[in-house]
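S.K.: Take a look and give me a structure for this.
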Amino acid sequence: MFAHEIAELNALRFPQRVGLGFEDGTAWTWGELWEAAQRSASGLRALGVQPGERVAALSRNRLELYALWLGTNLVGAVYAPVNYRFVAREVHEMLADCQPAVVISEPALAEVATGAAGLGGLAVRSWLTLDEFDDLARATTGSAPAPAHRAGRDEVAFICYTGGTTGRAKGVMITHGNIESCVVNFALCNQVREDDVYLLAGAMFYIAIAVPVAFWAAGARTVVVNFDAAGTLDVMAREGVTRLIGTGTIFKMLVDEQESRPRALPAMRNIDFGGAPMSARLARRARDAFGCTVAQIYGQSETTLLATYLYPDEYEDIFAAMDRGENPARAASVGRAGPTLAIAVLDEDDRPLPPGEVGEVCLRGGAVMAGYWGQAELSAETMRNGWHHSGDLGHLDADGYVYLVDRAKDLIITGGENVYSAEVELILADHPAVSEALVIGLPDDQWGERVHAVVVARDADDPPSGDALIEWCREHLARFKAPRSIEFRAEIPRLATGKVAKGQVRAELTAGRRGVIGDD
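M.R.: Residues are numbered from 1 along each chain as shown. Here you go, the predicted structure:
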């Protein structure tokens with residue numbers, strides 16, 4: 001079933017049950033959500049939106065965005081959310097790429113939308129705020145809603161723009177069939193229950209918007225927030241949240257905040273985290289801070305988020321081994337393939353590699369995107385020979401567990417040796433004085449590239465020395481893998497998805513060396 005079909009079914013089954021909640025206490029029943037979706041469809045029809053046209057939305061997280069997305073699909077159009085953090089020029093670039101028929105913005109962001117419109121070159125017929133659109137939708141909604149467009153599995157439901165730092169943005173085309181696969185993956189991996197309360201803390205302009213549909217399918221409630229750690233934890237306590245997914249900064253900030261000012265969260269059952277391989281030490285901190293199980297996700301927008309899953313019971317085995325003083329290899333894994341995906345590690349000629357050998361992680365199955373909007377050559381290159389090429393380097397073990405070692409473009413070659421940044425980052429993150437770390441290669445006259453680390457200290461007033469961290473790495477890694485230089489920052493730059501912005505950091509440091517420690 002597709003997202004709008006699940007919403008309609010829940011409106012028939014549970015019309016008075018709360019299906020969506022917001023950080024300010026606002027709540028919509030399933031019946032109210034479906035009515036709002038039908039109003040949105042009426043408003044879009046009044047604007048002349050046709051099947052296949054794009055409807056762009058520029059807004060922070062709001063319940064109305066789900067009504068707009070569902071309404072867009074009811075008329076057969078394609079939902080195209082825009083990063084609300086963008087300035088007018090960046091918004092214009094994204095709109096120029098997808099060429100929407102309609103742009104609907106949060107009132108507070110109307111000035112940004114106006115600025116994008118003023119740059120010209122867009123074929124947008126209508127620019128409205130969410131309030132203006134709601135007025136139109138209410139005025140045009142009849143007593144008998146028009147029949148919904150009968151979508152096929154391969155029709156595009158929305159375009160999700162990936163967060164790059166250079167070059168043209170990539171609009172990932174997510175189909176209705178992809179969303180079905182997302183529902184299956186999360187429902188089976190997470191064992192979603194009808195009494196679950198899922199917290200959506202990720203921005204609704206990227207793939208996170210699809211995850212709650214898996215909880216809708218079970219009749220479970222979703223609570224939407226605009227993330228800040230303290231406020232989000234307060235909402236979790238008030239709403240009885242049972243599950244959340246924390247990527248990148250979100251996960252780390254929640255753990256830190258809960259440790260510093262614990263909330264009573266007796267309903268919590270499980271936290272999934274992802275965005276990058278996570279140190280087992282941080283995973284155990286989360287388990288202890290929230291009093292629930294933890295699990296790890298690996299995925300991309302191109303795979304409708306979940307590609308692999310490391311299950312809660314597997315983490316409990318890892319923690320038990322750590323308590324015995326062991327260092328279990330599986331602690332570095334991101335799990336096995338989700339139910340609707342197959343994974344292989346391929347060489348440069350797309351031949352499967354045996355367990356333990358590093359190559360490109362490739363995927364196939366129902367959750368893999370239809371391609372990149374308007375970029376046929378890139379789509380063909382990325383999805384060649386029946387496999388989606390993730391751009392991530394990794395290897396499999398004999399049991400099919402995936403171990404990520406780096407992005408292909410982030411591989412560091414120093415003195416003729418390959419260094420995978422993820423391996424060094426995990427070692428640094430295991431140092432008790434380190435909060436998080438980013439590792440990149442920088443140009444070096446002698447070595448070709450040198451390993452450089454950007455570190456955030458757990459205690460900014462009492463950071464470890466750079467030399468001590470370099471020595472720590474040399475104790476746990478081959479000497480050539482250890483950083484030759486380290487710098488400290490208050491935070492690590494991240495993309496809108498929560499992933500670290502390695503390209504941005506590399507560009508900064510290549511342009512001008514800054515604050516490094518260690519040079520041998």
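
S.K.: Can you list the residue ranges for strands in the stretch 101-250 of the chain?
M.R.: Under the criterion DSSP state E, counting those that start in this stretch, the stretch 101-250 of the chain carries strands at the ranges 102-105, 126-129, 156-161, 171-175, 197-200, 221-224, 243-247.

S.K.: Show me what the first one is packed up against.
M.R.: Contact here means 3 or more C-beta pairs under 8 Å, 6 or more residues apart in numbering; DSSP states H and E; on that basis strand 102-105 packs against strand 54-58, helix 110-118, strand 126-129, helix 130-140. The C-beta positions use only the backbone N, C-alpha and C, and glycine is treated the same way.

S.K.: Please apply the same query to the third one.
M.R.: Packed against strand 156-161 by the contact rule (3+ C-beta pairs under 8 Å, 6+ apart) you find helix 64-74, strand 78-82, helix 88-98, strand 171-175, helix 176-190.

S.K.: orientation of that strand relative to strand 171-175 in degrees?
M.R.: Per axes from the mean of the first three to the mean of the last three C-alpha atoms, to 10 degrees, the angle that strand 156-161 makes with strand 171-175 is 150 degrees.

S.K.: looking at the helices and strands packed on strand 102-105, which is buried most?
M.R.: Greatest average neighbour count among the helices and strands packed on strand 102-105 goes to strand 54-58 (a mean of 26), per mean count of other C-beta atoms under 10 Å.

S.K.: average pLDDT across it?
M.R.: The pLDDT scores in strand 54-58 average 98.

S.K.: Please export the C-alpha coordinates of stretch 144-152 as CSV.
M.R.: Coordinates of each C-alpha in stretch 144-152 appear next as CSV, following Å, rounded to 0.1, in the frame of the first residue of the first chain:
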residue,chain,number,x,y,z
ALA,A,144,-17.8,14.9,-2.6
PRO,A,145,-14.0,14.8,-3.0
ALA,A,146,-12.7,14.0,-6.5
PRO,A,147,-11.4,10.5,-7.1
ALA,A,148,-7.8,10.0,-6.3
HIS,A,149,-5.2,9.4,-9.0
ARG,A,150,-4.5,5.7,-9.3
ALA,A,151,-0.8,5.6,-8.9
GLY,A,152,1.5,2.8,-10.0
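
S.K.: For that stretch, which outside residues touch it?
M.R.: 2, 4, 38, 41-42, 45, 51, 73-76, 157, 176 (C-beta atoms under 8 Å, 6 or more residues apart in numbering).

S.K.: Just the buried ones from those?
M.R.: 2, 4, 38, 41-42, 45, 73-76, 157, 176 (16 or more other C-beta atoms under 10 Å).

S.K.: Do a quick rundown of the helices in the stretch 351-500 of the chain.
M.R.: When secondary structure is read from DSSP state H, counting those that start in this stretch, the stretch 351-500 of the chain shows helices at 376-382, 421-429, 466-476.

S.K.: what helices or strands is the biggest helix by length in the chain leaning on?
M.R.: Ranked by residue count under DSSP state H, the longest helix found in the chain is helix 30-46. Contacts defined by 3+ C-beta pairs under 8 Å, 6+ apart place helix 30-46 against helix 3-13, strand 18-22, helix 64-74, helix 130-140.

S.K.: Many thanks, we can stop here.
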